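> Have a look at this prediction, sequence included:
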There are 4 protein chains.
Amino acid sequence: MQQSKRSRDRQNELIEAALSVIGRAGSLDVSVSQIAGQAGVSSALAHHYFGSKEDLLFATQRHLLTLFRQDVVARLAAAPTPRARLSAIVEASFSPLQFNAGTVAAWTIFYLRAQSSRANSRLLQVYVARLRANLVHELRSLISETKIEAAAESIGAMIDGLYLRQGLRKGAADREAAIRITEHLIDTLVRS
Amino acid sequence: MQQSKRSRDRQNELIEAALSVIGRAGSLDVSVSQIAGQAGVSSALAHHYFGSKEDLLFATQRHLLTLFRQDVVARLAAAPTPRARLSAIVEASFSPLQFNAGTVAAWTIFYLRAQSSRANSRLLQVYVARLRANLVHELRSLISETKIEAAAESIGAMIDGLYLRQGLRKGAADREAAIRITEHLIDTLVRS
Amino acid sequence: MQQSKRSRDRQNELIEAALSVIGRAGSLDVSVSQIAGQAGVSSALAHHYFGSKEDLLFATQRHLLTLFRQDVVARLAAAPTPRARLSAIVEASFSPLQFNAGTVAAWTIFYLRAQSSRANSRLLQVYVARLRANLVHELRSLISETKIEAAAESIGAMIDGLYLRQGLRKGAADREAAIRITEHLIDTLVRS
Amino acid sequence: MQQSKRSRDRQNELIEAALSVIGRAGSLDVSVSQIAGQAGVSSALAHHYFGSKEDLLFATQRHLLTLFRQDVVARLAAAPTPRARLSAIVEASFSPLQFNAGTVAAWTIFYLRAQSSRANSRLLQVYVARLRANLVHELRSLISETKIEAAAESIGAMIDGLYLRQGLRKGAADREAAIRITEHLIDTLVRS
DNA sequence: AATGAATGAGCCTTCATTCAT
DNA sequence: AATGAATGAAGGCTCATTCAT
């Protein structure tokens, strides 16, 4: 164990603080001091642990992706059929843990950062690729081979689009509506 | 003519410079100086015309929306049938003018800003509402009344999602793929 | 007549605007634009007429001094005895025209500016000298020669001190109290 | 010890630098950079310690008042009689520490700032109130009750007026003259 | 490990001033 | 005469980052 437990805890606290602050601000205009303050430590400590703001945000993004991934995996394991597993992915995507103002803002920011940061872009591409792989795998037994790629891309884009639009609502996220729309898309893709 | 031609030109130059700088940076971290520099004027002039950075960016967003709107209107006028008009909207959305790295970054940023700026949010909501109204209008003769709302929302979200994902690609935007996917969505919605 | 009437009017408007803005702000942190705006003209015009902010403020100070001077002269002419003329000076000093928040602030500022501006200092010294000359002249028939200088200086300082302290009050100036104190000082000086 | 010695030293250095720069400039047009530069530190450090220019100047004013207060208290303790204590106050007021170009400029500025800053005004009022309380206390055994208030106000205003006029001199302050005039005022008030 | 001290760089903004019209 | 356009300079302030403790 290279890192002490204390060390790992602090890092996690900082990452969660970053997520929290970004979510609340709804923008990338968050300072290291704000994040550190939220975590109850000095900004110098954040640099001690992460080296730079860039790296802290990168770790935060990875954390976000990991959380999502874990939820997806757990739900997939519990679903009995391919169609149910597609629904599991949809439900993970719009679970209250992910589909709320703060997290949606964080996701949008990370999509944005991907345009100017190589590392960030690669990370996001891994997520997209994994999601697509999951979709493709489940679609394989439901629609013809030639249509799979487009269908997977289509579902993924729809989820992202619903995320983006969620940011526009004043109140809480409308999970049901998002799920209904996505499920309906899947249904039409599968039936066609 | 309240404003001189010179004045309007300068303002447009600044807005286009803002768009250009934001697009190139792929982020909101653009300074007024950068924008002014790109327009070949002093940063003080940007304040002279727009009052604040906030207002300059707001005007830029409005410009973006106006450009898109004009393109949509022109294409709608040229399309003979409801289905063709739906395609016109899709084509406007993914026209090279809109669907390129820079503009996509700008759109994403404006979606993000909408979460922390009232004015910005309202502006974007107007755009979303208009787009939906167009879609609803054309869908009216194609699918049953009860399905229209969801279908419009679905198409709108899909377009936004494809924009978001476009930012992840390294190379140029794949317009054909985006159009194909959206058209396919419309087809399945209409046929179902 | 070198200057047109229009020209002189504009200059007076600017000077009065300066006085008004300085008074309202209670500080020297007033911009040429604010002053010009108050006068209803462009800041460029203020420069056209006065050359520089410095010169505008200088002219404003001179205006203030002239107003006071004129009031003093008028009141002196109307007073029959030396003692009455001393009271006339006191009354001019604490007339509502001079002894109000705005004008007091302007005076204080000009005393301050005198420390860093030669021209300003000379102007203020002329005012002080004139006031002293007036006091000395009237005191001559009231107290012994050897005490005159100190008495004049004393009265002048008292007036200035009451001005300075006026700035601390929240409400309107207490003219009566200021006059009472100064008159009492004169009385004791004369009787002693 | 909440604050480190280093920290307190730096803050004091900055305050003294502020006093020095204000005194030399004879105006409020001093930048944080100038003050910080005079103290040999970066302007960012001034903000680190004081938060804002406003707060630094406020602390500087408080420092000025405290210095004066301490001097007054020390001199009062050493004076045996009420009349001697009045003289002690006068001497403290015109001690070389206070009655010099720089400090006089600072006082004038703070009187001016009191007109636009609540906090500043309150601070100055406390000083005025304390000075008056001291004067009243010593006057109690020297003149009749009904005259005390006016006498105290009178002495205070005289001191302030002499300060203001000091700013007009080119050379050094004439302490003797100022003391002579104030003492004479006290004498006449007491005798009358 | 943890922090306060310290800073250089940069940002937004204001402003006095000039100039073309 | 009068103004809007335009700018260079400066100012207050923030921030990521480093360093000594």
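All right, it came through fine.

> which residue is nearest the middle of chain A?
Residue closest to the mean C-alpha point of chain A, counted by Cα atoms, centre = their mean, is A:Leu65 at 4.8 Å.

> what sits against that one?
Applying Cβ atoms under 8 Å, 6 or more residues apart in numbering or on different chains, we find A:Leu65 in contact with A:123-124, A:126-127. All C-beta atoms are positioned from the backbone trio N, CA, C, and that covers glycine.

> Just after the longest helix anywhere in chain A, pick out the following helix or strand.
For chain A, the longest helix by residue count, based on DSSP state H, is helix A:53-78. Per DSSP states H and E, the first helix or strand lying C-terminal to helix A:53-78 is helix A:82-93.

> Quick one: residues in contact with that following helix.
In this structure, residues lying in contact with helix A:82-93 by Cβ under 8 Å, 6+ apart are A:68, A:71-72, A:75-76, A:78-79, A:98-99, A:131, A:134-135, A:138-142, A:155, A:159, A:179, A:182-183, A:186, A:190.

> Can you flag which of these belong to helices?
Using DSSP H, these in helices are A:68, A:71-72, A:75-76, A:78, A:131, A:134-135, A:138-139, A:155, A:159, A:179, A:182-183, A:186, A:190.

> out of those, which touch chain C?
Cross-checking the ones in helices among the contacts of helix A:82-93 against chain C (Cβ under 8 Å from any Cβ of the partner chain) gives no overlapping residues.

> Least confident secondary structure element in chain A?
Here the helix or strand of chain A ranked lowest by mean pLDDT, DSSP states H and E is helix A:101-113, holding a mean of 91.

> Can you tell me the number of residues neighbouring A:Gln38?
18 (other Cβ atoms under 10 Å in any protein chain shown).

> before we move on, what about the one 3 residues further on?
By the measure other Cβ under 10 Å, the count of residues near A:Val41 is 17.

> ok, it touching A:Leu14?
Yes. Applying Cβ atoms under 8 Å, one finds A:Val41 in contact with A:Leu14, separated by 7.3 Å.

> List the contacts of the residue nearest to A:Arg175 when sequence neighbours are not counted.
Nearest residue to A:Arg175 in three dimensions, chain neighbours excluded: A:Phe94, at 4.9 Å (Cβ to Cβ, 6 or more residues apart in numbering or on different chains). Going by Cβ under 8 Å, 6+ apart, A:Phe94 touches A:159, A:162, A:173, A:175, A:178-179, A:182.

> cool, A:Arg113 as well?
Each residue near A:Arg113 by Cβ under 8 Å, 6+ apart is listed here: A:28, A:57, A:61, A:120, B:27.

> Can I have the buried ones of those residues as a ChimeraX selection?
The buried residues among the contacts of A:Arg113 can be selected in ChimeraX (16 or more other Cβ atoms under 10 Å in any protein chain shown) with this line:
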select /A:28,57,61,120 /B:27
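
> Could you point out which of the contacts of A:Arg113 is nearest to DNA strand E?
Distance to DNA strand E, by Cβ to the nearest atom of the strand, is smallest for B:Ser27 among the contacts of A:Arg113, at 11.7 Å.

> That closest one contacts A:Ser117, correct?
No. Using Cβ under 8 Å, B:Ser27 makes no contact with A:Ser117, being 9.2 Å away.

> ok so, going back, per-residue confidence, the residue nearest to the centre of chain A, what does it come out as?
In this model, A:Leu65 is scored at 94, pLDDT.

> how far away is the closest residue to A:Ser20 other than its chain neighbours from DNA strand E?
Among residues not flanking A:Ser20 along the chain, A:Gln38 sits closest, at 5.9 Å (Cβ to Cβ, 6+ apart). Distance, A:Gln38 to DNA strand E, using Cβ to the nearest atom of the strand, to the nearest Å: 13 Å.
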